[in-house]
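Participant: Requesting a structural model of the entry that follows:
(chains A and B)
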Amino acid sequence: AQKVTQAQTEISVVEKEDVTLDCVYETRDTTYYLFWYKQPPSGELVFLIRRNSFDEQNEISGRYSWNFQKSTSSFNFTITASQVVDSAVYFCALSEAEAAGNKLTFGGGTRVLVKP
Amino acid sequence: DTEVTQTPKHLVMGMTNKKSLKCEQHMGHRAMYWYKQKAKKPPELMFVYSYEKLSINESVPSRFSPECPNSSLLNLHLHALQPEDSALYLCASSQDPVGDQPQHFGDGTRLSIL
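Facilitator: Numbering: from 1, shown residues only, chains lettered A, B, ... in the order given. Coordinates of the predicted model:
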């Protein structure tokens, strides 16, 4: 069965510091998809990125970057020069191509607190 | 603003009440989902609707009854809930019910059972 582990439950940084969120996953499928979502206090989960298992290119979007390493089953997320608005809970999630219904397996989440 | 709209945002109900949660999307998505999220936990999948048909029920108690009246609407009917059912209920949608499709979430309904 698939599993997603986010070992860090909470990270506290001061504004402008960089913060890296770890995500390790387990799956037996050869085709799978990894996601990151942001959940601010308002409650809505905001989709940030999708990466498929065939594409190990790292990606950068503004202050966000993602490092996918299939060899270590990791999909880490870095926020550069953090801002107070980055304070939220971040979830890493996995879905498998063979699984019916687009079922997402979420990690436990990492709460990021950015202090001014 | 989220493209998935959930109403109401907050709901307080007694254990004998009947109420409904509503979810609406106008993105033409063909898969819709209900999740339950307890405090400091990740969302847990409850139901999946694919092309307006219930495709997944994650062994949810019958006091929760989903309904998909059309491709844009998803309801969750609540009856005889227990205090442990107090949680944030999230609705989501995706273009298709396949693994590469990101799910888009609403703001949720915060439900409190007295």
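
Participant: only C-alpha atoms for contact and neighbour calcs from this point on.
Facilitator: OK.

Participant: Name the next helix or strand downstream of the helix or strand of chain A with the lowest mean pLDDT, please.
Facilitator: None of the helices or strands of chain A scores lower by mean pLDDT, DSSP states H and E than strand A:59-61, at a mean of 89. Proceeding N to C from strand A:59-61, the next assigned helix or strand is strand A:64-69, under DSSP states H and E.

Participant: helices and strands around that following strand, which ones?
Facilitator: Using 3 or more C-alpha pairs under 8 Å, 6 or more residues apart in numbering or on different chains; DSSP states H and E, the elements in contact with strand A:64-69 are strand A:59-61, strand A:74-79.

Participant: what distance separates the least confident helix or strand of chain A from the middle of the whole chain?
Facilitator: Chain-centre distance of strand A:59-61: 13 Å, with C-alpha atoms, centre = their mean, to the nearest Å.

Participant: Most tightly packed of the helices and strands packed on strand A:64-69?
Facilitator: Highest mean neighbour count of the helices and strands packed on strand A:64-69: strand A:74-79, a mean of 20 (counted as mean count of other C-alpha atoms under 10 Å in any protein chain shown).

Participant: and the angle for that one with strand A:64-69?
Facilitator: 160 degrees (axes from the mean of the first three to the mean of the last three C-alpha atoms, to 10 degrees).

Participant: dump the residue contacts of the most centrally placed residue in chain B.
Facilitator: In chain B, the C-alpha nearest the mean C-alpha coordinate belongs to B:Trp34, at 3.0 Å (C-alpha atoms, centre = their mean). Applying C-alpha atoms under 8 Å, 6 or more residues apart in numbering or on different chains to B:Trp34 gives the contacts B:45-48, B:89-92.

Participant: strand partners of the least confident helix or strand of chain A, parallel vs antiparallel please.
Facilitator: Strand A:59-61 has its sheet partners listed here by DSSP bridges as strand A:64-69 (antiparallel).

Participant: okay, the partner strand in PDB with CA atoms only?
Facilitator: What follows is strand A:64-69, C-alpha atoms only, in PDB (Å, rounded to 0.1, in the frame of the first residue of the first chain):
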ATOM      1  CA  TYR A  64       9.100  27.900  -4.500                       C
ATOM      2  CA  SER A  65      11.200  25.000  -5.700                       C
ATOM      3  CA  TRP A  66      10.800  21.300  -5.700                       C
ATOM      4  CA  ASN A  67      13.500  18.500  -5.700                       C
ATOM      5  CA  PHE A  68      12.200  15.100  -6.900                       C
ATOM      6  CA  GLN A  69      14.700  12.200  -6.300                       C
END
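
Participant: give me phi/psi at B:Met15?
Facilitator: Note on B:Met15: its backbone torsions stand at phi -70, psi -20 [degrees, to the nearest 10].
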